[in-house]
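>>> generate a structure from the sequence data that follows.
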Amino acid sequence: MQNHTLNISGILEGFVLDHIPAGKGMEIYKYLNLENFDYCIAIIKNAKSRRMGKKDIIKIECPIDSLNLGILGFIDQNITVNVVKNETIVEKKKLDLPDKIINIIKCKNPRCVTSVEHSLDQIFILTDRDKETYRCKYCEEHFKK
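Next comes the predicted model:
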(Lines give C-alpha, C1' and ligand atoms only; values in the text may rest on other atoms or scores of the structure.)
Protein backbone atom coordinates (compact mmCIF):
# COMPACT_ATOMS: atom_id res chain seq x y z
CA MET A 1 0.00 0.00 0.00
CA GLN A 2 1.38 3.39 -0.98
CA ASN A 3 1.79 6.13 1.57
CA HIS A 4 0.11 9.24 0.16
CA THR A 5 1.45 12.13 2.22
CA LEU A 6 1.52 15.76 1.24
CA ASN A 7 4.39 17.89 2.43
CA ILE A 8 3.69 21.61 2.78
CA SER A 9 6.71 23.49 4.06
CA GLY A 10 6.64 25.05 7.50
CA ILE A 11 6.07 28.72 8.15
CA LEU A 12 8.37 31.10 9.98
CA GLU A 13 5.64 33.13 11.69
CA GLY A 14 1.87 32.94 11.46
CA PHE A 15 -0.97 30.51 12.05
CA VAL A 16 -1.96 26.97 11.25
CA LEU A 17 -5.71 26.51 11.43
CA ASP A 18 -6.33 22.82 11.99
CA HIS A 19 -9.35 20.56 12.52
CA ILE A 20 -11.49 22.57 10.11
CA PRO A 21 -14.47 20.45 9.01
CA ALA A 22 -13.85 19.11 5.50
CA GLY A 23 -15.08 21.56 2.88
CA LYS A 24 -15.15 24.59 5.21
CA GLY A 25 -11.62 25.85 4.42
CA MET A 26 -12.68 28.19 1.61
CA GLU A 27 -15.53 29.57 3.73
CA ILE A 28 -13.03 30.45 6.45
CA TYR A 29 -10.71 31.96 3.82
CA LYS A 30 -13.56 34.31 2.86
CA TYR A 31 -14.64 35.10 6.45
CA LEU A 32 -11.07 36.11 7.32
CA ASN A 33 -10.82 38.20 4.11
CA LEU A 34 -7.55 36.45 3.26
CA GLU A 35 -7.93 37.40 -0.40
CA ASN A 36 -7.18 40.99 0.63
CA PHE A 37 -3.80 40.14 2.16
CA ASP A 38 -0.46 39.59 0.47
CA TYR A 39 0.56 36.65 2.66
CA CYS A 40 1.68 33.16 1.78
CA ILE A 41 -1.39 30.96 2.36
CA ALA A 42 -1.81 27.22 1.90
CA ILE A 43 -5.25 25.62 1.97
CA ILE A 44 -5.31 21.85 2.29
CA LYS A 45 -8.70 20.29 1.60
CA ASN A 46 -9.82 16.83 2.64
CA ALA A 47 -6.65 15.88 4.52
CA LYS A 48 -6.86 12.54 6.29
CA SER A 49 -7.67 12.74 9.98
CA ARG A 50 -8.00 9.92 12.50
CA ARG A 51 -10.37 11.97 14.62
CA MET A 52 -12.48 13.57 11.88
CA GLY A 53 -12.07 11.26 8.89
CA LYS A 54 -11.30 14.23 6.65
CA LYS A 55 -10.46 17.80 7.52
CA ASP A 56 -9.23 21.06 6.00
CA ILE A 57 -6.11 22.91 7.14
CA ILE A 58 -5.08 26.51 6.44
CA LYS A 59 -1.51 27.75 6.90
CA ILE A 60 -1.02 31.52 6.93
CA GLU A 61 2.45 33.02 7.04
CA CYS A 62 1.98 36.52 8.45
CA PRO A 63 2.79 38.73 11.43
CA ILE A 64 0.91 37.39 14.47
CA ASP A 65 -0.96 40.65 15.12
CA SER A 66 -2.19 41.10 11.54
CA LEU A 67 -5.26 38.84 11.66
CA ASN A 68 -8.35 38.90 13.85
CA LEU A 69 -9.22 35.25 14.36
CA GLY A 70 -12.10 35.91 16.76
CA ILE A 71 -14.71 35.04 14.13
CA LEU A 72 -13.45 31.45 14.02
CA GLY A 73 -15.22 30.72 17.31
CA PHE A 74 -18.49 31.69 15.64
CA ILE A 75 -17.84 29.37 12.69
CA ASP A 76 -16.68 26.35 14.70
CA GLN A 77 -15.31 26.29 18.25
CA ASN A 78 -13.47 23.01 17.54
CA ILE A 79 -11.00 24.56 15.09
CA THR A 80 -7.47 24.50 16.49
CA VAL A 81 -5.48 27.72 16.10
CA ASN A 82 -1.75 27.03 16.30
CA VAL A 83 0.39 30.15 16.68
CA VAL A 84 3.80 29.74 15.00
CA LYS A 85 6.97 31.72 15.70
CA ASN A 86 10.41 30.75 14.37
CA GLU A 87 8.88 27.66 12.71
CA THR A 88 7.68 26.34 16.10
CA ILE A 89 4.16 26.15 17.52
CA VAL A 90 4.31 28.42 20.57
CA GLU A 91 0.62 28.47 21.48
CA LYS A 92 -2.61 26.61 20.80
CA LYS A 93 -5.56 28.95 21.13
CA LYS A 94 -8.92 27.73 22.37
CA LEU A 95 -11.82 29.25 20.54
CA ASP A 96 -14.99 30.57 22.09
CA LEU A 97 -18.06 32.32 20.76
CA PRO A 98 -17.25 36.00 20.22
CA ASP A 99 -19.32 38.48 22.26
CA LYS A 100 -19.86 40.63 19.17
CA ILE A 101 -19.88 39.88 15.43
CA ILE A 102 -19.42 42.73 12.98
CA ASN A 103 -20.23 42.47 9.25
CA ILE A 104 -20.26 38.68 9.14
CA ILE A 105 -23.98 37.96 9.28
CA LYS A 106 -26.74 40.26 8.03
CA CYS A 107 -29.96 41.22 9.74
CA LYS A 108 -32.97 39.68 8.01
CA ASN A 109 -35.49 42.11 9.49
CA PRO A 110 -36.69 44.33 6.59
CA ARG A 111 -37.60 47.07 9.10
CA CYS A 112 -34.11 47.16 10.63
CA VAL A 113 -32.20 50.40 10.13
CA THR A 114 -29.39 48.38 8.47
CA SER A 115 -31.79 47.57 5.61
CA VAL A 116 -31.97 51.29 4.76
CA GLU A 117 -28.64 52.63 6.02
CA HIS A 118 -26.21 50.42 4.11
CA SER A 119 -23.19 52.22 5.53
CA LEU A 120 -24.01 50.98 9.04
CA ASP A 121 -22.07 47.99 10.30
CA GLN A 122 -24.09 44.80 10.77
CA ILE A 123 -23.51 44.21 14.49
CA PHE A 124 -24.79 41.18 16.37
CA ILE A 125 -24.39 40.71 20.13
CA LEU A 126 -24.18 37.28 21.79
CA THR A 127 -27.25 37.02 24.05
CA ASP A 128 -27.28 33.32 24.97
CA ARG A 129 -23.96 31.47 24.99
CA ASP A 130 -25.55 28.05 25.69
CA LYS A 131 -27.95 28.30 22.76
CA GLU A 132 -25.41 30.17 20.59
CA THR A 133 -27.92 32.98 20.00
CA TYR A 134 -27.10 36.43 18.66
CA ARG A 135 -29.32 39.48 18.32
CA CYS A 136 -29.04 42.50 16.05
CA LYS A 137 -27.73 45.51 17.95
CA TYR A 138 -30.27 47.81 16.31
CA CYS A 139 -33.55 45.89 16.15
CA GLU A 140 -32.98 42.85 18.41
CA GLU A 141 -33.68 40.45 15.50
CA HIS A 142 -32.76 36.91 16.59
CA PHE A 143 -30.02 34.93 14.82
CA LYS A 144 -29.28 31.35 15.86
CA LYS A 145 -26.46 29.30 14.42
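>>> ok, now which ones touch residue 143?
105, 107-108, 124, 133-136 (C-beta atoms under 8 Å, 6 or more residues apart in numbering). Every residue, glycine included, has its C-beta placed from N, CA and C.
>>> in JSON lines, list those residues along with secondary structure and distance to residue 53.
Shown next, in JSON lines, are these (DSSP: H, G, I helix; E, B strand; the rest coil; distance: C-beta to C-beta, whole Å):
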{"residue": "105", "secondary structure": "coil", "distance to residue 53": "28"}
{"residue": "107", "secondary structure": "coil", "distance to residue 53": "36"}
{"residue": "108", "secondary structure": "coil", "distance to residue 53": "34"}
{"residue": "124", "secondary structure": "strand", "distance to residue 53": "32"}
{"residue": "133", "secondary structure": "strand", "distance to residue 53": "30"}
{"residue": "134", "secondary structure": "strand", "distance to residue 53": "30"}
{"residue": "135", "secondary structure": "strand", "distance to residue 53": "35"}
{"residue": "136", "secondary structure": "strand", "distance to residue 53": "36"}
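>>> ok, the residues you listed vs residue 17, which is closest?
residue 105 (20.3 Å; C-beta to C-beta).
>>> what residues of the helix or strand where residue 84 lies count as buried?
Element membership for residue 84 (DSSP states H and E) is strand 80-85. Under the neighbour-count criterion of 16 or more other C-beta atoms under 10 Å, strand 80-85 has 80-84 buried.
>>> quick one: average pLDDT of that strand?
On average, the pLDDT along strand 80-85 is 94.
>>> hang on, residue 114 in a strand?
No - counting by DSSP: H, G, I helix; E, B strand; the rest coil, one finds residue 114 to be helix, located in no strand.
>>> neighbours of residue 55, just the number please.
Using other C-beta atoms under 10 Å, residue 55 has 22 other residues around it.
>>> please name the nearest non-neighbouring residue to it.
In space, and not counting its chain neighbours, residue 55 is closest to residue 49: 4.3 Å by C-beta to C-beta, 6 or more residues apart in numbering.
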